[in-house]
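*Asks:* From the sequence below, what's the structure:
(chains A, B and C)
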Amino acid sequence: MRQIVWLLFCREWRLAWRRPGDLLNPLVFFALVVSLFPLAVGPEPSMLRSMAPGVIWVAALLATLLSLDGLFRSDYEDGSLEQWVLSPHPLALMVLVKVLHHWMMSGLAMVLLAPLFGLMLALPLSSLPVLALTLLLGTPILSLLGAVGAALTVGLKSGGVLLALLILPLYIPVLILGTGAMDAALQGMPVTGFALWLGCLAVLALTLAPIAIAAGLRIGVSE
Amino acid sequence: MNWSFFHKLGSPKWFYDISGRWLPWFAVAGVALLLVGSVWGLFFAPQDYQQGNSFRIIYIHVPAAFVAQSCYMMLAVAGVVSLVWRMKLADVALKCAAPIGAWMTFVALLTGAIWGKPTWGTYWVWDARLTSMLILLFLYFGIIALGQAISNRETSAKATAVLAIVGTVNIPIIKYSVNWWNTLHQPATFKVTEKPAMPMEMWLPLLLMVLGFYALFTVSLLMRMRLEVLRREQKTRWVRETLEKLS
Amino acid sequence: MSSLNEMLDMGGHGIYVWSSYAITLVVLALNVVQPWLARRRLVNEEARRRRREVM
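*Replies:* Numbers count the residues shown, from 1 in each chain, chains lettered A, B, ... in the order given. As a prediction, this is how the structure comes out:
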């Protein structure tokens, strides 16, 4: 089993680096969306600071959705997805590896970039570690839930809008917890409660989402 | 326990015949309950001492909200039945119930907003209940959109079933986080329904309205399901004979 | 509730109450009438198809 996990991971890694655009575009999108807000509402620091947690989180949600759209598509089109479904190895485990790899390429990158955007949006330095921590706990949830949507829409060409429509309501608890933690940090209050709740949701997503993703893929492939 | 009822549900024709016999009863009951309930609620129930007569909107808002929420649960149950027992009727039920549930959510939101104007002064506030209802509406849209996007009927049924189950698992998480978000941002919680303090003259008509809404929901659902069954089995003899008799 | 005017006015909240009830009535009716109309359409289509077959 460990060998399969490692092999899959290496495959995803190699494939990902063949198309660097797919990795960079969501991050550029993230940066763009964050930059739109000061342009829209004016550069006044106190206003930016109050909006910053929400803006960064919403931008992260949207960027994750964008990057997830093609998660299974290329595998579906060339038939390797069918092989995965038919293989004797547990499909749930294989998708978990795929999604976690995807998270490393997207969510983790956002965790590293977000403090920079936080600074640009006038967030105080002391709150930036909280931002990074909440994103670190939250982005895996976003990747896992989004992958459920990607699996259900795997054969469709309708694109990212349908995926967003399906998954954004499910993102709302993560959004509330993440921004709640940031607001608490900005007021100098402890964030352990939020971090623990995010951790709970992350564990829940880690255990349950692969089952739903596998079910969705089986349905899509069986057509 | 006699499971033959459950297995008979696998036959569309059996469902069509049985539902045809039940439909008039549900319709009559629904109309009667709504008529009595609304007349009672509009004219004979006492006014709320704080909200005056606008309180009477509760007789629509609460039943619609109940139906909206339980309909989504029903979608998840239908999804489980469809995936586990591969019962086509469960697919039909899921597909037909989703739009009705969405309409009920819309009514709940609209009446909630209209009620808000005389009560809070604005048409919309982001309080926990209205926000949860809005998210529920989005969840319904998701199921309807996914169902329509997939052209293969079986795949569409299975995909929406999975989505309904995923959505239902998330609903408690969403409700809890929205409630909590609301307490963070609004010190004064506006209660849309005053639950325990309701005297009997106020909640009896409410009960009638809730039952009436459920009855009419069943009527609409059965009508849509019968139509869908007729469409799907259009090439069979029993459907052709039925359609001939109806024309 | 003595007069019709009083009934309609609902202590100043008339427009809210009545618009809510009216919208709900429309939605409920829509959800019952629309399947019924679609069924009529199906029956008519089938009748047309049968006539074409006979010909």
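
*Asks:* Where do the helices of chain B begin and end?
*Replies:* B:4-8, B:12-39, B:58-85, B:88-120, B:128-149, B:153-185, B:200-232, B:237-246 (DSSP state H).

*Asks:* element containing C:Ile23?
*Replies:* Counting by DSSP states H and E, the element that carries C:Ile23 is helix C:14-54.

*Asks:* Also A:Ala195?
*Replies:* Using DSSP H and E, A:Ala195 falls within helix A:192-221.

*Asks:* which residues of chain B score low on pLDDT?
*Replies:* Along chain B, segments meeting pLDDT under 70 span B:1-2, B:49, B:186-198.

*Asks:* ok now do the residue of it found nearest chain A, which residues does it touch?
*Replies:* Chain A sits closest to B:Ser177 of chain B, with a gap of 3.9 Å, by C-beta to the nearest C-beta. The way it works is simple: take the backbone N, C-alpha and C, and place the C-beta from them, glycine included. By C-beta atoms under 8 Å, 6 or more residues apart in numbering or on different chains, B:Ser177 lies in contact with A:172-173, A:176-177.

*Asks:* how many other residues sit next to B:Trp22?
*Replies:* 12 (other C-beta atoms under 10 Å in any protein chain shown).

*Asks:* what sits against the nearest residue to A:Gly178 once chain neighbours are set aside?
*Replies:* Closest residue in space to A:Gly178, ignoring its immediate chain neighbours: A:Thr134 at 4.5 Å, by C-beta to C-beta, 6 or more residues apart in numbering or on different chains. Neighbouring residues of A:Thr134 by C-beta under 8 Å, 6+ apart: A:177-178, A:181-182, A:191, A:194-195, A:198.

*Asks:* Mind doing that once more with 10 Å?
*Replies:* By C-beta atoms under 10 Å, 6 or more residues apart in numbering or on different chains, the contact list for A:Thr134 reads A:53, A:56-57, A:111, A:114, A:174, A:177-182, A:185, A:191, A:194-195, A:198.

*Asks:* where's it relative to chain C, distance?
*Replies:* 41 Å (C-beta to the nearest C-beta, to the nearest Å).

*Asks:* Check B:Leu221 too.
*Replies:* From B:Leu221 over to chain C (counting by C-beta to the nearest C-beta), the distance is 9 Å.

*Asks:* And for B:Arg224?
*Replies:* 5 Å.

*Asks:* Pull the number of nearby residues for the closest residue to that residue other than its chain neighbours.
*Replies:* Nearest non-adjacent residue to B:Arg224, counting by C-beta to C-beta, 6+ apart: B:Cys96, 3.8 Å away. Neighbour count for B:Cys96, taken as other C-beta under 10 Å: 21.

*Asks:* can you pull the pLDDT of residue 24?
*Replies:* This is for chain A. As predicted, A:Leu24 sits at a pLDDT of 88.

*Asks:* try again with chain C
*Replies:* So C:Thr24 comes in at 93 (pLDDT).

*Asks:* ok, the residue lying closest to it once chain neighbours are set aside - contacts?
*Replies:* Distance criterion C-beta to C-beta, 6+ apart; nearest residue to C:Thr24, sequence neighbours excluded, is B:Ile60 at 4.8 Å. For B:Ile60, the contact set (C-beta under 10 Å, 6+ apart) comprises B:34, B:37-38, B:41, B:107-108, B:110-112, B:114-115, B:206, B:209, B:213, C:17, C:20-21, C:23-25, C:27-28.

*Asks:* elements contacting the helix holding A:Ala195?
*Replies:* Packing partners of helix A:192-221 (3 or more C-beta pairs under 10 Å, 6 or more residues apart in numbering or on different chains; DSSP states H and E): helix A:73-78, helix A:80-86, helix A:91-105, helix A:128-152, helix A:160-186, helix B:153-185.

*Asks:* what angle do it and helix B:58-85 make?
*Replies:* Computed with axes from the mean of the first three to the mean of the last three C-alpha atoms, to 10 degrees, the direction of helix A:192-221 lies at 50 degrees from that of helix B:58-85.

*Asks:* coming back round to it: out of the helices of chain B, which is closest to A:Pro38?
*Replies:* helix B:153-185 (23.2 Å; C-beta to C-beta).

*Asks:* so where's chain A shaky on pLDDT?
*Replies:* A:159, A:223.

*Asks:* now chain C
*Replies:* In chain C, residues with pLDDT under 70: C:1-2, C:6-7, C:10-11.

*Asks:* Let's see that with 50 instead.
*Replies:* C:1 (pLDDT under 50).

*Asks:* Which residue of chain A lies farthest from its centroid?
*Replies:* Within chain A, A:Glu44 marks the point farthest from the mean C-alpha position, 29.7 Å out by C-alpha atoms, centre = their mean.

*Asks:* That residue contacts A:Phe37, doesn't it?
*Replies:* No. Between A:Glu44 and A:Phe37 there is no contact under C-beta atoms under 10 Å: 11.8 Å.

*Asks:* what residues are up against the residue lying closest to B:Ser19 once chain neighbours are set aside?
*Replies:* Leaving aside its sequence neighbours, B:Ser19 sits nearest to B:Leu222 (C-beta to C-beta, 6+ apart; 4.7 Å). Residues near B:Leu222 by C-beta under 10 Å, 6+ apart: B:15-16, B:18-20, B:22-23, B:26-27, B:93, B:96, C:35.
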